[in-house]
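Undergrad: Provided below are the primary sequence and the corresponding predicted coordinates.
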Amino acid sequence: MRYAIFDKIGLRRGKPRGTGCGKGRRRCCAGATGECRCGLDAMEPGERCTIRRLCGCGPVRQRLLDLGFQPGREVRMVRNAPLLDPIELQLDDSFIVLRRREAAQIQVRHD
Amino acid sequence: MTEPRTPSLVALAGQQNAGKSTLFNLLTGLQQHIANYPGVTVDKKYGGYTARGRRFDVVDLPGAYSLSPFSLEERVARSFLLTEAPDVVVNVLDATNLRRALPLTFQLLEMGAPVVVALNMMDAADRRGLEIDLDALERRLCVPVVPVVGRRGVGEAELRSAIAETAAAGRVVPATLNYGPLEKEVARIQATLSAEPALYGISARWLAVKLLEGDSEAEALLADRMENPHGLLDELYRARSAFETQHGLSAGDHICACRDSHAAEIAAACVTDTRAGEVPVSERIDRVLLNRFLAPVFLVATIWAIYQLSIVQGYQLTEVTWPILATFRSFVGGLLPDPGFLTDPQLRAMGLWTVDSMNTLLSYVPIFLILFALIAILEDSGYMARIAFILDRILHRFGLHGQSTLPFILAGVFAGGCAVPGVMATKGIPDARARLATILTVPFMNCMAKIPLYALIINIWFPQAKGLMLFYLSTFTVIAALLVAKLLTTSLLRKEETAPFVMELPSYHLPTISGVMHRAFSRTWLYIRKVATVVLAVATVIYALLQFPGVPAERQLDYQSQAEAAIARFYAEMATNPLRTEVQEPARLVRLVTLQTDFAAEIKSAETQAARAALADALRRDHPDAALFLLPDATPDARAANAALQTLSETRAELRRELRRDRLESSFLGYVGRGLEPVTRFADFDWKINVALLTSFAARENSVATFGVLYDQDDGQNLSLEERMGATQLAEGRSAVSSVALLLFFALYPPCLATVIAVRMQTGSLNWMLFSIAFPTLLGLATASAVFTLASALGLTGLQAMAAVHALALGVLILVALPKPWLARLGAQPTVEAAE
Ligand SMILES: Nc1nc2c(ncn2[C@@H]2O[C@H](COP(=O)(O)OP(=O)(O)OP(=O)(O)O)[C@@H](O)[C@H]2O)c(=O)[nH]1
Ligand SMILES: [Mg+2]
């Protein structure tokens, strides 16, 4: 609900267009079964969830995988930056910051 | 098994911020740049040491999270490991985050590299309450594991001996990791590859896994080495798609997941968290420092503190160091040939010019020392990464990156920085496009050397609105930098590679005093060396351009005869004076005149009666013969001699000034300045301003010095440069509006030479260097011309013109920065349709 407002005034960036590879997102959503639209960027600070899959392709996706964003792992949204973007996430012992645009490529399931 | 090479090659590999450079410095005794910030080392660095009579060459590799070919650092690390096949790979792991570090270790092992694991940051792991079972870890990895604390040198000896033993043992059999359902395919392809003679020397298993991952560089390697790789590539493609349809997951993802779960398993088996569930200290600090509402407050406070301590306090310190530099100048002056009556010997003029250029530069050293020490503290503590996190949103809007903050601060966001360290600090920005944009916009900031000209012009034309004008100028430059960054990234730099902002926040470390001091000194030294050499060279060139071709011979003769006439007049006046014997030889007369000039200047700058008396005493002591003339007693003879001498030295000063101006006008630079007048006319710059701007290319301080020569005062006047320039310019029909044009041009002026060299170094391209000169010049000229022409047409005053320019720039900035929901909606429409 809260983000709908940001959407209106445009504070949140537009729908991710996938970085470099346009069909990545669509392919990802085609295979999913309903609640797939829940990206990591839609979480509130303090929430926990489990990673389902990573959309997109190329360097960003690889870097995210290497940093530990593996399907099945639990992430916690720690906080927003003062201007709401980027966001800080916690994966076990590491704290990782990334822009919402990239976070949107990580699809999650709420526990 | 091959014989170990002499010297042995040791590579330091590991993830970003694991402490590779720290260990490199520990092993080699060198001083690689270290910071608590991921991705500091971006290129490999070489060093070495000798132990047990053997030589070890050590290479510090950039941090790599894995050996994929996607990012530059990872490509550098990987191709080094592949092509150089080091005798030992020291895999540096962050003990506090074993699970994330291990996948890289597996890849190194798979490559068949002889690995020594250096488990770094053991102190931090202890503090975190992590108990690591080293024996178990060693058993699981089948390689030596050495616990170290790089920062304090703990475990150094053990690490050295482990390296030596591994180097002596020679090559090892690659370890394997079981890939579950993919294992059969891996084994099959591995067998095919190992039967291929063309691929000798590359671990077949590693290559098989990489090929199944769909790694483009591995495929390129295959195509490079094999005559006909197509059969194999087709087979790989089939294997990959078969796996994907069967398991609903790409082979690459599966391999990645296998590594991760294996790492998780080992980490769980070897690490006991005695304080599980506790909030880490860094996170507790961040709850305050990164609090949504407090974060901007802390950030502003930090930047303000840096500014206060380095620029304001450092400036106070320069008052201590300046006399030292002045002493140095007079010392050099004493060594050089004595000044002549009309012209000084070329050697003296050039020597002093060089010393002056160097001194302006060295006078900033205290500021740099403090600045670099503070930056080192910021970097080491880990707050720098947080600054990037806080500001990324704003900077990203303009095509920049969170990490562009530091370069801008260094270059002087407010007033008084230096673009050279600013450009240097762009090194860590991972996004190539944002990095180039940062490099090209950093010189717009208000470096320390722009301030004197600002002050000069503002004092002449806006004495009542000094603060306001400075505020306008310093904010205008920031606005201009952001707008130019946006312009460049959406046009010229559009095609450059960009990288997302994905960064691990390092945990806070307490900076060590020795580390901070060392960094401050070594960076300052680097600055002195790099910039001093360049500025010296250029100062010489500019000197030559200002001296030659010189005044035509007949005018030279004219000056000469005027000087002789003045001397003759002096002797005539002294004809009956008994003191005449003292100055019989011309050489003594010249010395006396020089002394008189210096003494008069000293007396003028002395503030108290006591100081003047002290100066007089010193003169009596050091030059008793000259004191007769300069400090006349009551006798009429002495007074007459003093008066005659004063007339002579005033005439001399005037002649020298005229000659200097004449020489400047007929110098190469003078010609160029005149030649540019048709172009700069629209901004109301005359040749004098052109020459000043040209000389300020070497070092910006030069502009004021050149104005000093160009607007020379006439005889007997004791006016400041402000008054002289103001009077002359008014007489020439100039107005405050033309001074605004000049200020704006100077604000956007191309980077000085030292910065241009830094740009060349950081971009590695001559074209960008030339662009960094040409673009601001054109932009500045266009802005200045437009402002002058429009403001004159509209009849605005200088202050109004400046305010209008400022408001306009601010308006454009807000327009660019504000979210444009209508654009997003336009862009979003087709996407929605496509999804339905
Ligand atoms: N507490 C602790 N800190 C350490 C230790 N070793 C290094 N550090 C700190 O960790 C930070 C990173 O060290 P670097 O040597 O720059 O790391 P790097 O692996 O070269 O990093 P990149 O070049 O960015 O990949 C620095 O702030 C070091 O002072 C250690 O043993 N204990
Ligand atoms: Mg490093």
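TA: Yep, it's here. Ligands and ions are numbered 1, 2, ... in the order given.
Undergrad: going forward, measure contacts between C-alpha atoms and count neighbours the same way
TA: Noted.
Undergrad: and the pLDDT for residue B:542?
TA: Among the per-residue scores, residue B:542 shows a pLDDT of 79.
Undergrad: oh, I was asking about residue B:171
TA: Predicted confidence (pLDDT) for residue B:171: 67.
Undergrad: and what of residue B:613?
TA: With respect to pLDDT, residue B:613 scores 81.
Undergrad: tell me the contacts of residue 43?
TA: By default, I'm working from chain A. Residues in contact with residue A:43, defined by CA atoms under 8 Å, 6 or more residues apart in numbering or on different chains, are residue A:77.
Undergrad: wait, chain B was what I had in mind.
TA: Residue B:43 makes contacts with B:61-62, B:73, B:76, as judged by CA under 8 Å, 6+ apart.
Undergrad: just residue B:652 next, same as before
TA: Contacts of residue B:652 (CA under 8 Å, 6+ apart): B:341-342, B:563, B:566.
Undergrad: state the distance from it to chain A.
TA: Per CA to the nearest CA, to the nearest Å, residue B:652 is found 66 Å from chain A.
Undergrad: give me the residue from chain A nearest ligand 2.
TA: Going by CA to the ion, ligand 2 is nearest to residue A:67 of chain A, at 17.9 Å.
Undergrad: now the closest residue to that residue other than its chain neighbours: which helix or strand?
TA: Of all residues not flanking residue A:67 in the chain, residue B:100 sits nearest, at 6.7 Å (CA to CA, 6 or more residues apart in numbering or on different chains). According to DSSP states H and E, residue B:100 maps onto helix B:98-110.
Undergrad: what do you get for residue B:420?
TA: Using DSSP H and E, residue B:420 falls in helix B:419-424.
Undergrad: part of a helix, is residue B:42?
TA: No. Under the criterion used here (DSSP: H, G, I helix; E, B strand; the rest coil), residue B:42 is coil, not part of a helix.
Undergrad: ok, now which ones touch it?
TA: B:61-63, B:73, B:427-428 are the contacts of residue B:42 under CA under 8 Å, 6+ apart.
Undergrad: which ones, among those residues, also lie beside ligand 1?
TA: Restricting the contacts of residue B:42 to those touching ligand 1 (CA under 6 Å from any ligand atom) yields B:62-63.
Undergrad: so which of the contacts of residue B:42 sit within helices?
TA: residue B:73 (DSSP state H).
Undergrad: could the contacts of residue B:42 be laid out in a markdown table, adding distance to chain A, pLDDT and neighbour count?
TA: What follows is the contacts of residue B:42, written out as a markdown table (distance: CA to the nearest CA, whole Å; pLDDT from 0 to 100; neighbours: other CA atoms under 10 Å in any protein chain shown):
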| residue | distance to chain A | pLDDT | neighbour count |
| --- | --- | --- | --- |
| B:61 | 18 | 91 | 28 |
| B:62 | 15 | 88 | 29 |
| B:63 | 12 | 88 | 28 |
| B:73 | 12 | 80 | 23 |
| B:427 | 20 | 74 | 20 |
| B:428 | 16 | 71 | 16 |
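Undergrad: low-confidence regions, the stretch 451-600 of chain B specifically.
TA: For the stretch 451-600 of chain B, applying pLDDT under 70 flags the ranges B:530-531, B:534-535.
Undergrad: show me where it has its helices.
TA: B:466-490, B:513-547, B:553-573, B:586-605 (DSSP state H, counting those that start in this stretch).
Undergrad: wait, which of the ones you listed is closest to ligand 2?
TA: helix B:513-547 (14.4 Å).
Undergrad: pull the helix or strand with minimum mean pLDDT from chain B.
TA: Lowest on mean pLDDT, DSSP states H and E among the helices and strands of chain B sits helix B:821-835, with a mean of 51.
Undergrad: got a quick ChimeraX command for the buried subset of the contacts of residue B:652?
TA: Listed next is the ChimeraX selection for buried residues among the contacts of residue B:652, using 16 or more other CA atoms under 10 Å in any protein chain shown:
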select /B:341,342,563,566
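Undergrad: nearest to chain A among the contacts of residue B:652?
TA: residue B:342 (66.3 Å; CA to the nearest CA).
Undergrad: now do the SS call for that closest one.
TA: Per three-state DSSP, residue B:342 ends up coil.
Undergrad: what sits closest to it if chain neighbours are left out?
TA: residue B:656 is the one closest to residue B:342 (CA to CA, 6+ apart), at 6.0 Å.
Undergrad: residue B:47: helix or strand, and which one exactly?
TA: strand B:45-51.
Undergrad: can that strand be said to contact ligand 2?
TA: No. Strand B:45-51 does not reach ligand 2 (CA under 5 Å from the ion); its nearest approach is 9.3 Å.
Undergrad: for chain A, what are the nearby residues on chain B?
TA: By CA under 8 Å from any CA of the partner chain, the residues of chain B that approach chain A are B:65-66, B:68, B:70-71, B:96-97, B:100, B:256-257, B:260, B:290-293, B:295-296, B:389-390, B:392-393, B:499-506, B:819-821, B:824, B:828, B:835.
Undergrad: which SSE is whatever residue of the stretch 251-400 of chain B ends up closest to ligand 1 in?
TA: Using CA to the nearest ligand atom, residue B:380 is the residue of the stretch 251-400 of chain B that sits closest to ligand 1, at 4.6 Å. Assigning secondary structure by DSSP H and E places residue B:380 in helix B:365-381.
Undergrad: and that helix, does that touch ligand 2?
TA: No. Judged by CA under 5 Å from the ion, helix B:365-381 stays clear of ligand 2, getting no closer than 12.6 Å.
Undergrad: that helix to helix B:513-547, inter-axis angle?
TA: Angle of helix B:365-381 versus helix B:513-547, following axes from the mean of the first three to the mean of the last three CA atoms, to 10 degrees, is 140 degrees.
Undergrad: ok, residue 106 - contacts?
TA: Using chain A. Counting by CA under 8 Å, 6+ apart, residue A:106 has contacts A:39-40, A:51-55.
Undergrad: actually, chain B is the one I wanted.
TA: Applying CA under 8 Å, 6+ apart, we find residue B:106 in contact with B:177, B:259.
Undergrad: how near is it to chain A?
TA: Distance from residue B:106 to chain A, by CA to the nearest CA: 13 Å.
Undergrad: what's the burial count for the residue in chain A that ligand 1 sits nearest to?
TA: Ranked by CA to the nearest ligand atom, the top residue of chain A for proximity to ligand 1 is residue A:67, at 13.9 Å. Using other CA atoms under 10 Å in any protein chain shown, residue A:67 is surrounded by 21 other residues.
Undergrad: need the pLDDT of it.
TA: The predicted local confidence for residue A:67 is 90.
Undergrad: would you check that it makes contact with residue B:66?
TA: No. With contact defined as CA atoms under 8 Å, residue A:67 and residue B:66 do not form a contacting pair (9.3 Å).
Undergrad: OK, contacts around residue 41?
TA: If you meant another chain, say so; for now it's chain A. Going by CA under 8 Å, 6+ apart, residue A:41 touches A:87, A:100-101, A:103-104.
Undergrad: wait, chain B
TA: Residue B:41 neighbours (CA under 8 Å, 6+ apart): B:21, B:33, B:61-63, B:428.
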